[in-house]
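Participant: for reference, the sequence and a predicted model appear below.
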Amino acid sequence: MNNEKTTRICIPVCEKDLSAFESASERAAEAADFVELRLDCLDSVNATPEDITQLLKTIPRPVILTFRPSEQGGHRDLTREERLSFWNIPPRGDAVWWDVEGDLVQSLSPEWARVILSHHDFSGVPTDLDQIYEKLAHTPARVLKIAVQANDVVDCLPVFKLLDRAYTEGREIIAIAMGNAGVATRILGPSRGAFLTYGPLDDEGATAPGQVNAHKLRSLYNIDKIDEETIVCGLVGLPVMHSVSPHIHNTAFASEGVNGVYVPFEVRDVKAFLKRMVHPRTRELDWNLRGLSITAPHKQSVMQCLDWIEPDAKEIGAVNTVVVEQDRLLGSNTDAAGLIDPLLRIMGSLAQRKVAIIGAGGAARAAIWALQQQKATVTLFARNPAKTDSLAQLFGISCEPLSAASFAGYDLVINATPLGSGVHIDESPATQVQLSGAGCVYDLIYNPIDTRLLREAREAGCETVGGLEMLVAQAKIQFKLWTGKEFDLKATDLHEFIRI
Ligand code: NAP
């Protein structure tokens with residue numbers, strides 16, 4: 001039995017005909033340590049075992065053959081007889097492995113040294129996960145594979161525990177939590193002893209939920225460099241997979257020579273996550289977790305789970321950064337300073353400047369607080385009068401309805417609403433006419449880079465600033481809190497990673 005930790009990426013190939021399989025396998029072999037041929041993707045049984053044996057000879061990498069029925073996550077309706085007859089005389093080659101589902105094990109006598117014995121659960125994490133492992137481990141199969149569906153990030157815990165158990169017992173295992181909430185198991189799995197991790201050639205080629213493509217595993221998450229010493233940081237939110245923060249922090253780890261990785265954590269129940277996976281006094285996972293970025297919808301709810309909160313973050317009423325320091329969790333807010341940073345560069349002093357903030361949510365709160373620290377004069381514009389009034393009263397500023405706003409005479413107009421992104425992509429909180437006579441327009445939205453508001457502002461002759469400037473500036477402060485280091489990155493360096 002093997003007891004070493006090696007990072008291997010397996011690229012699954014799922015095509016409808018043999019010639020497509022051939023070309024896709026060729027591309028996969030360039031980036032993969034293993035290539036998985038998902039033979040259940042073939043349209044029908046239009047390839048003979050000889051054809052497949054021939055195909056195997058063309059792939060210069062170890063190959064895993066998979067012939068999965070639809071009820072176990074495969075792409076074809078296959079009877080038990082069809083599966084048995086396939087696996088009774090499976091295609092062979094020098095470095096060929098067979099991924100056989102556990103339900104066939106009693107009826108086959110394969111060459112166990114080539115078998116990956118697999119169990120899938122697409123509904124959740126079964127309560128008898130350990131018994132499933134024990135049943136598979138009772139066979140002489142070389143590698144065990146258990147893939148379960150994660151519905152929240154804490155569902156990664158039993159999977160990490162399984163990896164630890166198999167490692168201790170000297171069993172080779174592939175254990176995966178599928179879905180976006182399980183991405184951490186795909187990125188950190190090999191460093192915790194997983195035999196391999198699956199990553200398609202591109203996002204479209206994913207064969208199971210939550211797979212991160214092989215290029216990102218290598219170049220974004222630097223998976224080959226992750227080991228037991230690696231500092232883990234991550235983004236906590238819902239959703240998180242769209243975020244460019246992994247590009248910022250993983251680039252920073254690489255450029256500063258820090259052995260660290262920044263992982264997206266899709267979190268529904270933030271209290272459970274902090275208790276079971278994060279807090280050094282209560283967590284059930286032994287890992288080198290150093291810090292977290294907190295995004296919507298957890299910036300306020302996370303505050304009740306921390307041991308200490310910086311006074312500024314308390315005043316703002318939101319935490320976007322957690323530092324794990326010895327056995328304590330420390331909270332702070334880098335949004336406020338990140339928001340101001342590009343303004344100071346562009347406008348110099350903000351003292352006595354007339355600023356309009358549009359929106360009355362979390363970002364608006366941080367903006368008001370930060371601008372008051374700079375002695376700017378702030379007016380709040382938002383759609384909900386009750387919410388606007390109470391926020392304005394809290395900070396002692398004036399407010400006006402958004403509908404009839406005119407921003408002439410304002411030195412700065414800040415958009416702190418989602419208008420211009422997502423489902424509101426074609427909308428703008430202000431028109432060119434409303435913006436005429438304003439100085440600078442700052443859209444906190446960073447995806448897309450060029451929003452409708454920024455276009456209207458340019459037409460109105462205003463200077464403009466996009467939200468990536470803030471994202472990068474606040475991330476730099478986070479990185480320093482976690483590592484003590486500074487890094488150099490420009491907002492424009494991230495443009496290629498922005499996908500609408
Ligand atoms: P939030 O807490 O949900 O607040 C959103 C605000 O926008 C609320 O006041 C909401 O009004 C208002 N709003 C929503 N839809 C609207 C509409 N159709 N018309 C007018 N007002 C509308 O969100 P947040 O955390 O403050 O974030 C706001 C924006 O800032 C987001 O786009 C976010 O991506 C961006 N942001 C960027 C950064 C960065 O680093 N660049 C950091 C933080 C936030 P109601 O209260 O009436 O619902």
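Facilitator: Arrived safely, thanks for sending. Since we're looking at a predicted model, the values are computed, not measured.
Participant: next one, pLDDT for the closest residue to the ligand within the chain please.
Facilitator: For the chain and the ligand, the shortest gap (CB to the nearest ligand atom) falls at residue 361, measuring 1.8 Å. For the C-beta atoms, the positions are set from N, CA and C on the backbone; glycine is no exception. Confidence at residue 361, expressed as pLDDT, is 91.
Participant: contact residues of the stretch 151-300 of the chain facing the ligand?
Facilitator: residue 296 (CB under 6 Å from any ligand atom).
Participant: name the helices or strands packed onto the host helix or strand of residue 51?
Facilitator: Using DSSP states H and E, residue 51 maps to helix 49-57. The contact analysis (3 or more CB pairs under 8 Å, 6 or more residues apart in numbering; DSSP states H and E) places helix 49-57 against helix 18-31.
Participant: list the helices and strands the helix it packs on packs on?
Facilitator: For helix 18-31, the packing partners by 3+ CB pairs under 8 Å, 6+ apart are strand 9-13, strand 34-38, helix 49-57.
Participant: SS state for residue 120?
Facilitator: Three-state assignment for residue 120 (DSSP: H, G, I helix; E, B strand; the rest coil): strand.
Participant: that one contacts residue 73, correct?
Facilitator: Yes: using CB atoms under 8 Å, residue 120 makes contact with residue 73 at a distance of 4.9 Å.
Participant: overlap in contacts of those two?
Facilitator: Residues within reach of residue 120 and of residue 73 at once, by CB atoms under 8 Å, 6 or more residues apart in numbering, are residue 147.
Participant: ok, now which ones touch the nearest residue to residue 274 once chain neighbours are set aside?
Facilitator: Nearest non-adjacent residue to residue 274, counting by CB to CB, 6 or more residues apart in numbering: residue 305, 4.2 Å away. Neighbouring residues of residue 305 by CB under 8 Å, 6+ apart: 270-271, 274-275, 279, 329.
Participant: who wins on neighbours among the residues you listed?
Facilitator: residue 270 (25 neighbours; other CB atoms under 10 Å).
Participant: show the pLDDT at it.
Facilitator: 98.
Participant: one more: residue 17?
Facilitator: 90.
Participant: out of everything not next to it in sequence, what's closest to it?
Facilitator: residue 43 (6.4 Å).
Participant: how many residues are close by the one you found?
Facilitator: 12.
Participant: and for residue 214?
Facilitator: Counted with other CB under 10 Å, residue 214 comes out at 25.
Participant: same question, residue 176
Facilitator: 28.
Participant: repeat for the one 10 residues further on
Facilitator: By the other CB under 10 Å criterion, the neighbourhood of residue 186 contains 26 residues.
Participant: secondary structure element for it?
Facilitator: Per DSSP H and E: helix 183-188 holds residue 186.
Participant: which helices and strands does the following helix or strand past that helix pack with?
Facilitator: Next in sequence after helix 183-188, counting helices and strands by DSSP H and E, comes strand 197-198. Here strand 197-198 touches strand 9-13, strand 172-178, helix 183-188, going by 3+ CB pairs under 8 Å, 6+ apart.
Participant: partner strands of strand 197-198 and their direction?
Facilitator: strand 9-13 (parallel) (DSSP bridges).
Participant: can you give me the strands in the stretch 151-300 of the chain?
Facilitator: 172-178, 197-198, 231-237, 260-266, 289-294 (DSSP state E, counting those that start in this stretch).
Participant: turn those into TSV, including mean pLDDT.
Facilitator: Shown next, in TSV, are the strands of the stretch 151-300 of the chain (pLDDT from 0 to 100):
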stretch	mean pLDDT
strand 172-178	98
strand 197-198	98
strand 231-237	98
strand 260-266	98
strand 289-294	98
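Participant: residue 13 contacts residue 26, correct?
Facilitator: No: counting by CB under 8 Å, residue 13 stays clear of residue 26, with 9.7 Å between them.
Participant: between the two, who's got more neighbours?
Facilitator: residue 13 (28 against 14).
Participant: what's the pLDDT at the more buried one?
Facilitator: pLDDT at residue 13 comes out at 97.
Participant: find the nearest non-adjacent residue to it, please.
Facilitator: residue 24 (4.6 Å).
Participant: any stretches of this structure with poor pLDDT?
Facilitator: Applying pLDDT under 70 to the chain picks out residues 1-3, 44-46, 500.
Participant: ok, longest helix in the protein?
Facilitator: Of all segments of type helix in the chain, defined using DSSP state H, the longest is helix 468-483.
Participant: now the angle from that one to strand 289-294?
Facilitator: 160 degrees (axes from the mean of the first three to the mean of the last three CA atoms, to 10 degrees).
Participant: ok, helix 468-483 near the ligand or not?
Facilitator: Yes: for helix 468-483, a contact with the ligand is found by CB under 6 Å from any ligand atom, at 470-471, 474.
Participant: ok, back up a step: ok, which of the strands of the stretch 151-300 of the chain comes nearest residue 424?
Facilitator: strand 231-237 (18.9 Å; CB to CB).
Participant: for residue 352, phi and psi?
Facilitator: With angles defined as degrees, to the nearest 10, residue 352 sits at phi 60, psi 0.
Participant: now do the one 5 residues further on
Facilitator: The phi/psi pair for residue 357 (degrees, to the nearest 10) reads phi -110, psi 130.
Participant: and stretch 490-497, C-alpha only, in PDB?
Facilitator: Extracted as PDB, the C-alpha positions of stretch 490-497 are listed here (Å, rounded to 0.1, in the frame of the first residue of the first chain):
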ATOM      1  CA  LYS A 490      -3.000  46.600 -10.600                       C
ATOM      2  CA  ALA A 491      -6.700  46.500 -11.200                       C
ATOM      3  CA  THR A 492      -6.000  46.200 -14.900                       C
ATOM      4  CA  ASP A 493      -4.000  43.000 -14.300                       C
ATOM      5  CA  LEU A 494      -7.400  41.400 -13.400                       C
ATOM      6  CA  HIS A 495      -9.300  42.400 -16.500                       C
ATOM      7  CA  GLU A 496      -8.700  39.100 -18.300                       C
ATOM      8  CA  PHE A 497     -10.300  37.200 -15.400                       C
END
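Participant: distance from the chain centre to it, please.
Facilitator: Centroid separation for stretch 490-497 versus its chain: 18 Å, with CA atoms, centre = their mean, to the nearest Å.
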